[in-house]
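Undergrad: sharing a model prediction with you, sequence too.
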Number of protein chains: 2
Amino acid sequence: MSDDPPVSLWPEPTALGPLTDLYQLTMMAGYVANGMDELPATFELFVRRLPKGRTYLVFAGLEQALRDLLGLAFSPGQIDALQRWPVFDAVDPSFFSWLGRLRFRGDVWAVPEGTVVFEGEPLVRVQAPLALAQWVETFLLASLGYPTSVASKAARIVAAAGGRSLYDFGARRAPGPHASLLAARAAYPAGFDGTSNVEASLRIGIPCAGTMAHSWVQSFDQEAQAFSAFAHLFPTASTMLVDTYDTARGVEHAGALDPPVRAVRLDSGDLLTLSRAARAFLDAHGRSAVRIFASGDLDEFQIARLLAGGAPIDAFGIGTELVTSRDAPALAMVYKLVELDGRGRIKLSSGKITYPRAKQVYRTFGPDGRIARDTVTLVDEAAEGEPLLEHVVRGGVLEPLPRLGEVRDRCRAQLESLPPELRGVEALSTFRPTYSQAVRAVAEELAKPYREATRAPDET
Amino acid sequence: MSDDPPVSLWPEPTALGPLTDLYQLTMMAGYVANGMDELPATFELFVRRLPKGRTYLVFAGLEQALRDLLGLAFSPGQIDALQRWPVFDAVDPSFFSWLGRLRFRGDVWAVPEGTVVFEGEPLVRVQAPLALAQWVETFLLASLGYPTSVASKAARIVAAAGGRSLYDFGARRAPGPHASLLAARAAYPAGFDGTSNVEASLRIGIPCAGTMAHSWVQSFDQEAQAFSAFAHLFPTASTMLVDTYDTARGVEHAGALDPPVRAVRLDSGDLLTLSRAARAFLDAHGRSAVRIFASGDLDEFQIARLLAGGAPIDAFGIGTELVTSRDAPALAMVYKLVELDGRGRIKLSSGKITYPRAKQVYRTFGPDGRIARDTVTLVDEAAEGEPLLEHVVRGGVLEPLPRLGEVRDRCRAQLESLPPELRGVEALSTFRPTYSQAVRAVAEELAKPYREATRAPDET
């Protein structure tokens, strides 16, 4: 049995410096030992391939990632502990005092949150001394991947719901309590109307919504009594969960209340049949204003099918599918060195080529306002269109960021700019950026010596 | 542009009270308003169905969940804010002072971490006043679901790796930085050997491991120079990443170093062919002690195939597949009222029946030491076998918990007790508990009035 001090996995935001892979620290020590730590470096973060079945992503999580990035530091206790790790035995102790003073003082360019993005496009560009830029790789990827997955899934669900209200009910199904906050923050700008997560609502300032649980109904001897007690106390939030025992009788009990309740919630069974029956019953009993709310492991495909079938559902609560992005729970998001000390860097690993040099993305639109082309260029190259990456951190100082409402507006406009073949839950087209002639020329130039070195004799 | 105060999504562990669904708070206010908040209640947490392709789960996350549970509270600022939400307009202000004093003072029984469990088995039983037990539902589910997913995935990967070393490389791919800590904490007891996550290692005290990134290799003009500089500084951690430009040449460069490096890491391409070629080259050049490390989006099926094909790989780094549990990123984990004020409670929602009354699980083993049967009984029922649920929180006080090493030992023994048809990555059998005669009788008794009420006239 344990007499250890309690372990807490809620780290202080001010001491997240070690929330990184060990190899970042060993490489940092190596850069310092070899006099390379101050070399100006550029890393770019991008998604190598979109998950199967996805035609676009909605970039999210940036505000929190940047705020945390600028707070990253090592506490004296962490430094003490690390210094005693055997792996660092040959490292000069001055590395650890340097580590103790480390803060992110670099520059960051990024695509604004809520932007629709595609594979192979730089989404974040970090320009900083080599050791500093290396340090933050793990944290940035961990901070941006999940929110982008959730926002992208949310956008698909929004598309399927065709204007009906959507609520994040995923607090209990998120990958840990902290992730539930990240999910709520990601879903709202993508078009969700609110969350059931009280902590998320308090922190982020997004609408909070809720109904009732089966346990409420079960706690009373009669369902009707449970409904009546709830409606009395919460007249503005009286959504009655009607499936605890028998849905048809639940709808009768909810429909009988006076004043009328706001909504009934269906959480199991055949939602098409049940919602039609509920609507018919409520309409026949003077309850046309009572809305129908549906939940229960719904995803964008089920929502689309329900609505195509004419299900009279006014609002959906979405949990698991949203907060786990169940069909595509991970993104192939990477962060790669593209330039060091003024020279381009390339990686040729099988199937994982990285284009060198600091880059920008220019987006052009057709006469219909739809995205026509994304072009990845060198940063100093002139190109047509709207540049996507903006300067968001200058010398370790955060530039003003858009408010959440602005992010939401941007996202709505971005989703409207999607070409028809990329929209909709059944779309399967792939959109790829074009790499400018200059980018391809630099890549070719850098790859040449390696290609020559590995060419078999009879190929020469 | 925003002039709002910075939002932090790293909540204080002492003010996680609102990390719950709004309906928990409205129901709590309802219980208080109706004089029901102190009724003794029992809720049980269980997994309704195992994900497709899974034959068992490894229960994980309990220690952190319980420590956080006992710290749950509302800060004065949170109370002030909530009190102004319109939804609570009709709620007596005394509810909010009550809420401000709320702490979890109930009892918890739980299956120990590292236990192999199956669908329909109570894993956690909360016995507390109704309002208190209701409050913690969301937090408990959010805290236990993700670690259990990761531990279960980890156990499958461990089974596939057949004793080879396994490292959690998932920090960057976890669903947010906090989840990376939960994942590291879940994977180690399930049989992983360590993590690359420095923060996780510092907090949890599990081994930390790392190699090098492509950016290290790219930062030097020559690959050989990059390897040499690293090996010199980290003689005990000299794993060389050999695929930045050309794997065969990378292996040559790594193999040439003196003293010999510890390992080479393959991160792309056909790992079977490459690992064989690397092994042959290293053996032919007096480097038989150099180990081969593989990584790159590997899952249990790929590992099993590689090893079945004779790939001479000594260790694996697993990221995405582990920390997202990609094939099964969500569990149908629920928390249901089963008893209130001494009376059983039942739920009959279509396809989601809940067995009433406080229950226990008894496990029996065959003569071969393998799990023979799990029986779900009423708590006061005598039964054969080992009871799985233990009393872990008494009146809001945590009982001593096993150390991490003990959890790991338990998990190993548990996995060894799996019947052959449930083991291995290709197993597809389903194991379900038996419900005792007494449990079924209570369920039948409670369901009867509802069944009669909804029976059509010609059925009577």
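TA: Yes, it's here.

Undergrad: OK, contacts around A:Ala128?
TA: A:Pro40, A:Ala41, A:Phe104, A:Arg105, A:Gly106, A:Asp107 (C-beta atoms under 8 Å, 6 or more residues apart in numbering or on different chains). Any C-beta I mention is one placed from the backbone N, CA and C, and that applies to glycine too.

Undergrad: looking at the first one now. What's its pLDDT?
TA: Here, the pLDDT recorded for A:Pro40 equals 98.

Undergrad: for A:Leu348, see how far away the residue lying closest to it once chain neighbours are set aside is.
TA: Excluding the flanking residues, the one nearest A:Pro40 by C-beta to C-beta, 6 or more residues apart in numbering or on different chains is A:Asp341, at 6.1 Å. Between A:Asp341 and A:Leu348 the computed distance is 20 Å (C-beta to C-beta, to the nearest Å).

Undergrad: so between those two, which is more surrounded?
TA: A:Leu348 (19 against 12; other C-beta atoms under 10 Å in any protein chain shown).

Undergrad: need the contact list for that one.
TA: Per C-beta under 8 Å, 6+ apart, neighbours of A:Leu348: A:Ala447, A:Tyr450, B:Thr244, B:Tyr245, B:Asp246.

Undergrad: ok, now how distant is the last one from chain A?
TA: Read that as B:Asp246. Distance, B:Asp246 to chain A, using C-beta to the nearest C-beta, to the nearest Å: 5 Å.

Undergrad: okay, now the domains of chain A?
TA: Per automatic domain parsing, the structural domains of chain A span A:13-149+A:330-454, A:161-324.

Undergrad: tell me where the stretch 151-300 of chain A has helices.
TA: Secondary structure of the stretch 151-300 of chain A (DSSP state H, counting those that start in this stretch): helices located at A:177-187, A:198-204, A:214-218, A:223-233, A:247-255, A:271-284, A:300-308.

Undergrad: just checking the fifth one against chain B, any contact.
TA: By that I understand helix A:247-255. Yes - counting by C-beta under 8 Å from any C-beta of the partner chain, chain B is contacted by helix A:247-255 at A:Thr247, A:Ala248, A:Arg249.

Undergrad: right, and A:Ala183 touches A:Thr320 too?
TA: No - A:Ala183 is beyond contact range of A:Thr320, at 10.9 Å (criterion: C-beta atoms under 8 Å).

Undergrad: shared neighbours of these two, which are they?
TA: A:Gly170.

Undergrad: go ahead and confirm A:Ser149 touches A:Arg326.
TA: No - assessed by C-beta under 8 Å, A:Ser149 is found out of contact with A:Arg326, at 10.1 Å.

Undergrad: quick one: contacts of the helix or strand encompassing A:Asp409?
TA: Secondary structure from DSSP states H and E places A:Asp409 in helix A:404-416. Contact with helix A:404-416 is made by A:58, A:112-116, A:151, A:155, A:158-159, A:188-191, A:204-206, A:369, A:402, A:423, as judged by C-beta under 8 Å, 6+ apart.

Undergrad: which of the residues you listed are close to chain B?
TA: By C-beta under 8 Å from any C-beta, the members of the contacts of helix A:404-416 lying near chain B are A:Ile204, A:Pro402.

Undergrad: quick one: buried ones out of the contacts of helix A:404-416?
TA: A:58, A:112-116, A:151, A:155, A:158-159, A:188-191, A:204, A:206, A:402, A:423 (16 or more other C-beta atoms under 10 Å in any protein chain shown).

Undergrad: please enumerate the strands of the stretch 251-400 of chain A.
TA: Using DSSP state E, counting those that start in this stretch, the strands of the stretch 251-400 of chain A run over A:263-266, A:291-294, A:315-318, A:333-340, A:343-344, A:359-365, A:371-378, A:386-387, A:390-394, A:397-398.

Undergrad: pLDDT weak spots in the stretch 251-400 of chain A?
TA: Along the stretch 251-400 of chain A, the model assigns pLDDT under 70 to no residue.

Undergrad: so A:Ala183 and A:Thr320 - more neighbours on which side?
TA: Per other C-beta under 10 Å, whichever of A:Ala183 and A:Thr320 has more neighbours is A:Ala183, with 35 against 22.

Undergrad: give the contact list for the closest residue to that one other than its chain neighbours.
TA: Computed as C-beta to C-beta, 6+ apart, the closest residue to A:Ala183 that is not its neighbour in sequence is A:Val323, at 4.3 Å. Going by C-beta under 8 Å, 6+ apart, A:Val323 touches A:Val150, A:Asp168, A:Gly170, A:Ala171, A:Arg173, A:Ala174, A:Pro175, A:Ala179, A:Ser180, A:Ala183.

Undergrad: which ones among the residues you listed lie within strands?
TA: Mapping those onto strands (DSSP state E) picks out A:Asp168.

Undergrad: just put the contacts of A:Val323 in TSV and tack on pLDDT.
TA: Shown next, in TSV, are these (pLDDT from 0 to 100):
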residue	pLDDT
A:Val150	98
A:Asp168	98
A:Gly170	98
A:Ala171	98
A:Arg173	97
A:Ala174	98
A:Pro175	98
A:Ala179	97
A:Ser180	98
A:Ala183	98
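
Undergrad: center of chain A - which residue?
TA: Centroid-nearest residue in chain A, with C-alpha atoms, centre = their mean: A:Pro147, separated by 1.6 Å.
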